[in-house]
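1. Here is a sequence together with a model predicted from it:
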Amino acid sequence: MRTRSDLVLALAATTALCGLSAVASAQVTSPKEDHDAAADYEATAPAKTVSGLDYSPNAGRKYPMHVYFGDTHHHTANSGDAFFAGNRLTPEDAYRFARGEQIVSSSGVPDKLSRPLDFLVVSDHAEGLGIGFEVFSGNPSLVSDPVVARWQKMLKAGGKEAKDATNELISAQAQGTLPKPLTDPAVAGPVVKTVWQAYTATADKYNQPGVFTAMIGYEWTSVPGGNNLHRNVLFRDNKDKADQVIPFSAWQSEDPEKLWEWMARYEQKTGGRMLAIPHNPNLSNGRMFAVVDVEGKPLTADYARRRAQWEPLIEVMQTKGNSETHPTLSPNDEFADYGIQGWDNGNLTLEDVPETPAMRQYMYIRGGLLNGLKLQARLGINPFKMGMVGGTDVHNSLTSIEENNFFGKHVDQEPRPDRWSGVSKKGLGFTRYNWMYTAAGYTGVWATENTRAALWDAMKRKEVYATSGSRITLRFFGGYDYQPGDARSRTLADAGYAKGVPMGGDLAKAPSGKAPTFLVAAMKDPESGNLDRIQVIKGWMDAKGETHEKVYDVAWSDAARRKPGKDGKVPAVGDTVDVATATWTDTIGDAELAAMWRDPDFDPKQMAFYYARVIEIPTPRWTNYDAVRYGIKMAPEVPMKHQERAWSSPIWYTP
């Protein structure tokens, strides 16, 4: 539980979204620098008295003043695997739920969000869009195939048989052994076209500019050998342009370069815009950030240019785990083990070969960012220049990922006493259980307004960040002239934009004798825990072409009692979670943190990237809430608590 004063403080803070406020920032600006606070404030004061015409500080502001939270990765019954797994809720149900309405789940459980979302991308699989219903209803062109006919009987039987059919379908997609009628354009094509155009009509119906954005999108589901190469494709456009094409699917090609070619043709044909977001690189077995293409050929400058153009973002967090980094990849990062349990033993389908440490630099995002620096040095272009987003990948039409209101990924993971112990998948000598799924994640978008165009534009310029599921507010700017007083200003963003670039941006060439400075500020989610700390993660390449990484604690809570050790690391924040009742108290941590930080190890000759990571105090995990609600005891290895977090898009420095 939290105290009333904690909630009041956090709620009051939300009134300063354009720059955050300064309740806690003064004590955490930088432990290494002692400045005169009065002089700092004086340095940021207006240089002259304003006239009546320019009195309002808000008039004329063109930068984003609000963050919008939503889900970029969502499946309804139109996805074949979702329908096979029991989902009967439509895109319309998904939008109604995201906008705050109460919906009854496919398993018969009422559900409602604590707060509506600002946007939703329904990204159903292009492969056989709407085909699940056709199989279930006995479309003669499909059930004439004996495998499809058997699947229909299994779906009708429900329970374990339906789940087995779902896993067979997913494996067949991975191994390229789907029954021919499912992939025959003459059979599936008319169904896909009809379902696509019905979906875009529903998206336009629920899209309310300024209130709620229903962004049109779909998922391209390339999964060769079970290795995840999926991309979510997001349209900037409305139905009139989206209907001029049928989504390009992995049944046409599993090569992402072919997807980019199709996207280019779409833009040329319609005048519209598209971008793609790869997801779950943690399940790609070293394929997502490989330094060779799908044919095993070394990457070229043309490949790097096109990938950077079409794929400006990467999904760092979702129900199938965390893709930021891994302890074997980042041994000096004490927070590197978050959300990986059960997801670091093999690929998406637990086929092919087991995961090995050697694969991880090519499948976790920090490794991809580091290898991007090497490729930029060799090719002149960085193909892995990616901003961070979070998604859910729910397959039950419900973006219900609050820890105390988690409805799982699939219908068979919706609330019931024994769901935690359910088996999701077996293979390669491993078993994935339902308790390994994470209640995650969201994308925070700094946009000028809540519209398709404004949100898409912010995503394209990477002014976005990911969270593990809470709604942390995060700002991150880079430049050369920030001062500690900028971090204490109630209009921090004014200085952020005026003196530098926001998250996702590029630093200009370093002025002689100057190291880059960064403004970072975070504010707690009023319904989640206080903040533990803000860190900056730096990656760079030295003169020998070797890459390095380092994690810096730049602002932390309870600063009076928490002092960095000899190793420079800040001690753990503490733990107030009562597992017996699934509660916590905000008696540790701070509601807000902010700092100006200067890179103490900067070398102007070295390429580098920087991103911010915000970590909350420990709070109960969804498994803890289930254990208390149902009065059950779970296996000792099941985690009961965790520390929610957020990741900014990086800022890059190129000499």
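-> In hand now; what should we look at? No experiment lies behind these values; they were computed from the predicted model shown.
2. longest helix anywhere in this protein?
-> In the chain, assigned by DSSP state H, the helix with the most residues is helix 185-206.
3. Convert the C-alpha atoms of that one to PDB, please.
-> Taking Å, rounded to 0.1, in the frame of the first residue of the first chain, the C-alpha atoms of helix 185-206 are listed here in PDB:
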ATOM      1  CA  PRO A 185      -3.400 -16.800 -52.700                       C
ATOM      2  CA  ALA A 186      -6.500 -18.000 -54.600                       C
ATOM      3  CA  VAL A 187      -7.900 -19.400 -51.400                       C
ATOM      4  CA  ALA A 188      -6.600 -17.100 -48.700                       C
ATOM      5  CA  GLY A 189      -6.200 -13.900 -50.700                       C
ATOM      6  CA  PRO A 190      -9.900 -13.000 -50.800                       C
ATOM      7  CA  VAL A 191     -10.300 -13.700 -47.100                       C
ATOM      8  CA  VAL A 192      -7.300 -11.600 -46.200                       C
ATOM      9  CA  LYS A 193      -8.500  -8.700 -48.400                       C
ATOM     10  CA  THR A 194     -12.000  -8.700 -46.900                       C
ATOM     11  CA  VAL A 195     -10.700  -8.900 -43.300                       C
ATOM     12  CA  TRP A 196      -8.100  -6.200 -43.900                       C
ATOM     13  CA  GLN A 197     -10.600  -3.700 -45.200                       C
ATOM     14  CA  ALA A 198     -13.000  -4.400 -42.400                       C
ATOM     15  CA  TYR A 199     -10.200  -3.800 -39.900                       C
ATOM     16  CA  THR A 200      -9.100  -0.500 -41.500                       C
ATOM     17  CA  ALA A 201     -12.800   0.600 -41.400                       C
ATOM     18  CA  THR A 202     -12.900  -0.200 -37.700                       C
ATOM     19  CA  ALA A 203      -9.700   1.600 -37.000                       C
ATOM     20  CA  ASP A 204     -11.000   4.700 -38.700                       C
ATOM     21  CA  LYS A 205     -14.300   4.400 -36.700                       C
ATOM     22  CA  TYR A 206     -12.500   4.400 -33.400                       C
END
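4. Check which helices and strands it is in contact with.
-> When contacts are defined as 3 or more C-beta pairs under 8 Å, 6 or more residues apart in numbering; DSSP states H and E, helix 185-206 packs onto helix 91-98, helix 131-136, helix 180-183, strand 213-220, helix 239-242. For glycine as for every other residue, the C-beta is placed from the backbone atoms N, C-alpha and C.
5. Give me the contacts around it.
-> 78, 90-92, 95-96, 99, 122, 124, 126, 128-131, 134, 141-142, 181-182, 212, 214-216, 218, 238-239, 242-243, 246-247 (C-beta atoms under 8 Å, 6 or more residues apart in numbering).
6. And the pLDDT at Lys269?
-> pLDDT for Lys269: 98.
7. Go ahead and confirm it touches Gln244.
-> Yes: at 6.4 Å, Lys269 and Gln244 qualify as touching, with contact defined as C-beta atoms under 8 Å.
8. looking at the helices and strands packed on helix 185-206, which is buried most?
-> strand 213-220 (a mean of 26; mean count of other C-beta atoms under 10 Å).
9. and the angle from the longest helix of the chain to helix 91-98?
-> Here helix 185-206 runs at an angle of 30 degrees relative to helix 91-98 (axes from the mean of the first three to the mean of the last three C-alpha atoms, to 10 degrees).
10. quick check: angle from helix 185-206 to strand 213-220?
-> Using the same axes, to 10 degrees, helix 185-206 lies at 160 degrees relative to strand 213-220.
11. quick one: buried residues of helix 185-206?
-> Buried residues in helix 185-206, counted by 16 or more other C-beta atoms under 10 Å: Val187, Ala188, Val191, Val192, Lys193, Val195, Trp196, Tyr199, Thr200, Thr202, Ala203, Tyr206.
12. got it, and stretch 598-615?
-> 598-599, 602, 606-615.
13. how many other residues sit next to the residue nearest to Arg305 when sequence neighbours are not counted?
-> Excluding the flanking residues, the one nearest Arg305 by C-beta to C-beta, 6 or more residues apart in numbering is Ile381, at 5.1 Å. By other C-beta atoms under 10 Å, the residues close to Ile381 number 20.
14. Please apply the same query to Gly60.
-> 7.
15. you'd agree it is in a helix?
-> No: counting by DSSP: H, G, I helix; E, B strand; the rest coil, Gly60 is located in no helix; its state is coil.
16. Enumerate every residue touching it.
-> Gly60 neighbours (C-beta under 8 Å, 6+ apart): Asp54.
17. Centre-most residue in the protein?
-> Gly390 (1.2 Å; C-alpha atoms, centre = their mean).
18. sorry, back to before: didn't the residue nearest to Arg305 look like it was pressed against Gln309?
-> No: under the criterion of C-beta under 8 Å, Ile381 is not in contact with Gln309, lying 9.7 Å apart.
19. Specify the local secondary structure of Asp553.
-> Per three-state DSSP, Asp553 ends up strand.
20. Okay, it and Ile537: tell me how far apart.
-> 11 Å (C-beta to C-beta, to the nearest Å).
21. Just give me the neighbour total for the nearest residue to Val211 once chain neighbours are set aside.
-> Nearest non-adjacent residue to Val211, counting by C-beta to C-beta, 6+ apart: Asn450, 6.7 Å away. Asn450: 19 surrounding residues under other C-beta under 10 Å.
22. please renumber so the chain begins at 254
-> Will do, 254 is the new start, and the previous item becomes Asn703.
23. Provide a list of residues in contact with Asn703.
-> If you count contacts by C-beta under 8 Å, 6+ apart, then Asn703 has His319, Tyr321, Asp371, Phe372, Pro462, Gly463, Val464, Phe465, Thr466 around it.
24. May I see the PyMOL selection of the buried members of the residues you listed?
-> The PyMOL selection below is limited to those of the contacts of Asn703 classed as buried (16+ other C-beta under 10 Å):
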select buried, resi 321+371+372+465+466
